[in-house]
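# Below: sequence and its predicted model.
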Amino acid sequence: MTHETGQPAAVQDPHPAVVVQKRDFIDRVIAATGARRTDARPIIEATLAQLGSVLSAGQTLAIPPLGRARINLEKDARGGDVITLRLRRRPAPNETDA
């Protein structure tokens, strides 16, 4: 889609990011699954650790419904790696009806 000027149309206006902290993320997963906190927490933490390991190794993730995440840029900065990802997601079934 392009504007009359021939410039590509913006997908969405930029907006401030809402940060979801680990504690809130775990609470959301527990609420969505109905699992007990003592059972779910170690599994969620291990999953997050594996996601971090795979991305640090420079590998591409293909995990539906999250999508396909590949490293776009990686820099070694003071205090740790800075990894810029490109995440491609398929639209949810109800989004394609619009």
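Here it is on my side, so go on. Numbering: from 1, shown residues only.
# Quick one: the helices in the chain, in order.
Along the chain, the segments classed as helices by DSSP state H run 22-33, 37-56.
# Relative to residue 93, which of the ones you listed is closest?
Closest to residue 93 of the helices of the chain is helix 22-33 (C-beta to C-beta; 17.8 Å). Placement of C-beta: from N, CA and C, glycine included.
# So which elements touch the closest one?
helix 37-56 (3 or more C-beta pairs under 8 Å, 6 or more residues apart in numbering; DSSP states H and E).
# which residues are contacting the helix it packs on?
Residues external to helix 37-56 that are found in contact with it (C-beta atoms under 8 Å, 6 or more residues apart in numbering): 22, 25-26, 29-30, 33, 61, 69, 71, 81, 83, 85.
# Just the closest of those to residue 92, please.
Once C-beta to C-beta is applied, the member of these that ends up nearest residue 92 is residue 69, at 17.4 Å.
# got a list of what that closest one touches?
Neighbours of residue 69 in contact, by C-beta under 8 Å, 6+ apart: 55, 60-61, 63, 85-88.
# And the pLDDT for residue 87?
Looking at residue 87, its pLDDT reads 91.
# Identify the bridge partners of it.
For residue 87, the beta-bridge partners are residue 69 (DSSP bridges).
# can you pull the contacts of it?
66-69.
# which one in these is the model shakiest on?
residue 66 (90).
# That residue against residue 90, yeah?
No. Residue 66 lies out of contact with residue 90 (C-beta atoms under 8 Å); the separation is 10.4 Å.
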